[in-house]
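[1] sequence below, structure please.
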Amino acid sequence: MCFLVLLSASSGCNRAFYRQQADREVYCLQTQGAAAVGDAQACYPIQPGIESRMFDPNSPDCPPMPPDDPVSHKLMQCVDGKRGWRGWDRYGSTRYVENPQWDAYLPRDAQGNVVLDRTAAMQLALCNSREYQQQLENLYLSALEVTFQRFRFDAQFFGGNRTFFEARGREIPGGSSSSILGTDTSLQMQKLFATGGELVVGVANSLVWQFAGPDEYSGITLLDFSLFQPLLRAGGRAVVLEGLTDAERALVANIRQMERFQRGFYTQIVAGRNPGSGPSPGPITLANLSPGGGGAVGGLMALLRQQVLITNQRANVVALRDSFEQLKAFFNAERVDWFQVEQARLQHYQAQIRLLDLQNQYQNAMDSYKILLGLPPGLDTKVADPLLAPFDLISADLTETQNRVTTILADLRDPQPGAVLSADVQSLGSIIAECRRQIRNVAEDMKRLDESLPARRENLLLLARRPEFKTGDADPSIVDVRNLDDRVVTLERDYDELCQKMELNFTELDAMASRASAAPEAGKNDAELREQLKTGVGLLAGQLVELSLCQARTRLDSITLKPLDLDPRAALEIARTNRRDWKNARAALVDQWRQIEVVANELESDLNVTFSGDLRTVNDSPVQFQGTRGRLRVGLEFDAPLTRLVERNRYRRALIAYQQARREYYAYEDEVYQALRRTLRAIQLAQINFEQRRAAVHIAATQVYLKQYDLLHRPPAVGGRGLGDTAARDVVDSINNLLNEQNSFLEVWVDYEVQRLNLAFDLGVMRLDNRGMWLDDASFEDYLRQLVPEVPELPEEIDPGIIEQNFPPLDAPNAPNALDGPNAPTPDAPTSNAPTADASPIRVLPPAADAERIVPRAFGVESATAANHKRHAPIAGDDRTATEPDATATPPWIAQAAPDATDRVRIPPPNPTPIE
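    Model (predicted):
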């Protein structure tokens, strides 16, 4: 029967069975681990969706052969003159490496472009990013290791059969000829226990038939077992369970790393930050962890910023072109020399060069961003996100209207041969309608400014409390609420006056258009009408410049920053509580600490207990067992630890590795603190710079307005050249200064938002929705309140095992170097903690809610709870303060064993007077 069972199972299960079995076990482990760490996501499947570029529509167990190099493919058919395997093409072949239908699922607009905003970019990245997929697979491999470690402690079954036929001739030494058919069948069960014991139970059956000479048959069945239990070396739960413990802890750590990587992945897609290390197929070590800190702005925000820079540069080109045309007209009127006209022309060309260069940089950055998302660089995409829409201080429509007016003005001033005046007049009507629409748009911008004023005033009042404005390091006028109110009043007055002037100009231009339409033939070459149109259109061009400045001033004061004020020490405590990689750092340190006990076990003697036995059948029967043919064996094996050089070296390395891990741990803490302080300083600086840059943009806009007003309204001087020798340079400089300040203002806001995102990530409080998007709705005050738990009531009876140890003075006899002296305790002889009869009362800590509150204190990190406990501690100089340590006592920084219940003492509650 055993033979038949083994024969039926000889083919085993198919590939899909093992793959699906592994998936079920891994996803079950991920669900358990996610529940343990409080992760909202139950498991992390590694199979891409059908809309992914990575999706493989073919069977994962029998995939077709992908495209191969023709020369290399010949070596699969014949290698070194030997015919290759003919089954390479049994699953077919495919021309595709990626999913051939993936682009059918892309979100496209009417023009066929893939529209990217923050949500769409994140969804495409989660679906197509190769880096994200690799992190999912690393987490899968980490769980796969757990399945193996758990399997080691399962009951494992093995079985097999050996069947041979042997024929011997009579000439072979040893006797006559024979024909023997033998079959041996065995089944076995092995079981490893948590203490290191190994149990092996087996059944073996042997059947032999002799066909030559007298027909003979012999059969025997053997039942046997063996129990092996190490007592010292290689025994004990600390050693035997180490692999399983390490794998289980690694899975929990990797789930945390995956959670952190998901949040870091959002910062990478949106802001271009390095997401840090993700899950590892093996254990997480301190070297795998990154303390944080962001770099330069990248990702989608960099593309949006580049778009605004291009828009600003395009407006700069239009403004410089308008100034160039004005200066040409002034040259014809003999108010400036030709050198100034050429200055304006040069600046106009340089602005065009910068515009083309910015557009080229944007296209290169766009291709790199598509690679980051996992998309091909040739995919038609368009970035459209309203995040930086407020920084279009001058709308693109208004810039286009200015450009059209400047073009008409250039045609009027320098008409082409055969040009018809009525053509310019006909386009004037649509331009006037467009100008009226732009006036209404500015009115809407002013309404939005009124809505944002309460928040602006509140932010300015908060910012005015900063010491930089009180010491004179920063001009306090930029945070004066009265200046903001004055600017708004002035803006409304300027807007009303400008609207009245433009309506008067519209009326005159309409009259000119009517005159040209009434007598089209006469209007073709009407010089007087042309001069009137030149004056009216030139005035309109200047008014549009004023309108654009009015719009820029309005939008400029509407932009706000989300307030943020956080103390670095509070930030460190929030990070200590919430950062997932910090929890992994503590776990990694304990992992290294555990290795001391594991490696030290190898120094011990070999002392093993063995218990084995077997039982055989009689009379050639496969099932007739008899006790007289059984055997039991009990034994004790001992091997003295005479040679342990290799083990000694490994043990010393483990001790050194733990000390190195301790240093790496607090270095990690220091680097986290440094990164948080750097981020908070950048945020504080950006808050001041933002208002300074806003004021600078106001000044630059005022300069442009003043120079435009000066060009249009300064009366001609007697003898010509009334605008002076620096008119062109002043106009061009004012326009370029406005561009530079606009860009700097944008840079500060973008950097502030990126730093705010970095801070949420580095604090570990960043939350994502089910789409992977940041929920920017949490307040840091909520997390600060969670850091101050209630102080537990002090018990009357204190276990000295939890007594807080104090470091002795450096000049005490038991200084740290006394660890190598005779007073240092050994693991085999722990020092008692029992107090002496004449000892002073001991300063104690109340029992913590969990052991984790003690661990940070041991590494020099004081939790919020420990800080509260200090309020109940004896005051320095009080008569209850502990006396100087005895020179012969054990150094208190060495961990000591907890005493028995008889060693406990009663201590009256200490004076709760707080320490100043």
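[2] and the closest residue to Tyr658 other than its chain neighbours, how many neighbours?
    With sequence-adjacent residues excluded and distances taken as Cβ to Cβ, 6 or more residues apart in numbering, Tyr658 is closest to Gln592, at 5.1 Å. The way it works is simple: take the backbone N, C-alpha and C, and place the C-beta from them, glycine included. By other Cβ atoms under 10 Å, 20 other residues sit near Gln592.
[3] got it, and the one 5 residues further on?
    Glu597 has 14 neighbouring residues, counting by other Cβ under 10 Å.
[4] quick check, pLDDT for it.
    pLDDT for Glu597: 96.
[5] host element of it?
    Assigned by DSSP states H and E, Glu597 falls within helix 580-600.
[6] so which residues make contact with that helix?
    37, 238-239, 242, 245-246, 249, 252-253, 256-257, 259-260, 276, 283-286, 288-290, 575-576, 647, 650-651, 653-655, 657-658, 661-662, 665, 668, 672, 764, 852, 855 (Cβ atoms under 8 Å, 6 or more residues apart in numbering).
[7] so what's Val618 closest to, chain neighbours aside?
    In this structure, Val618 finds its nearest non-sequential neighbour in Gln626, 4.9 Å apart by Cβ to Cβ, 6+ apart.
[8] hmm, back to that, buried residues in the helix holding Glu597?
    580-589, 591-592, 594-595, 598-600 (16 or more other Cβ atoms under 10 Å).
[9] where exactly do the helices run in the stretch 201-350 of the chain?
    237-240, 242-271, 299-332, 338-373 (DSSP state H, counting those that start in this stretch).
[10] just want the angle from the longest one to helix 242-271.
    Note on geometry: by axes from the mean of the first three to the mean of the last three Cα atoms, to 10 degrees, helix 338-373 and helix 242-271 are set 150 degrees apart in direction.
[11] how far out from the middle of the chain is helix 338-373?
    33 Å (Cα atoms, centre = their mean, to the nearest Å).
[12] and the next helix or strand after that helix, which residues are buried?
    Next helix or strand after helix 338-373 toward the C-terminus (DSSP H and E): strand 381-383. Within strand 381-383, the residues that qualify as buried by neighbour count (16+ other Cβ under 10 Å) are 381, 383.
[13] coming back round to it: how far away from the center of its chain is the helix holding Glu597?
    Offset of helix 580-600 from its chain centre (Cα atoms, centre = their mean): 24 Å.
[14] compute the inter-axis angle for that helix and helix 242-271.
    Going by the same axes, to 10 degrees, helix 580-600 makes 160 degrees with helix 242-271.
[15] mind saving the C-alpha coords of helix 580-600 as CSV?
    Written as CSV, here are the backbone C-alpha positions of helix 580-600 (Å, rounded to 0.1, in the frame of the first residue of the first chain):
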residue,chain,number,x,y,z
ARG,A,580,7.9,53.7,11.8
ASP,A,581,11.6,53.4,10.9
TRP,A,582,12.5,54.6,14.4
LYS,A,583,10.5,51.7,15.8
ASN,A,584,12.5,49.5,13.4
ALA,A,585,15.7,51.0,14.7
ARG,A,586,14.9,50.0,18.2
ALA,A,587,13.9,46.5,17.0
ALA,A,588,17.2,46.2,15.0
LEU,A,589,19.2,47.2,18.1
VAL,A,590,17.5,44.4,20.1
ASP,A,591,18.1,42.0,17.2
GLN,A,592,21.8,42.7,17.5
TRP,A,593,21.6,42.4,21.3
ARG,A,594,20.0,39.0,21.0
GLN,A,595,23.0,37.7,19.1
ILE,A,596,25.1,37.9,22.2
GLU,A,597,23.1,35.2,23.9
VAL,A,598,22.8,33.1,20.7
VAL,A,599,26.6,33.2,19.9
ALA,A,600,27.5,32.7,23.6
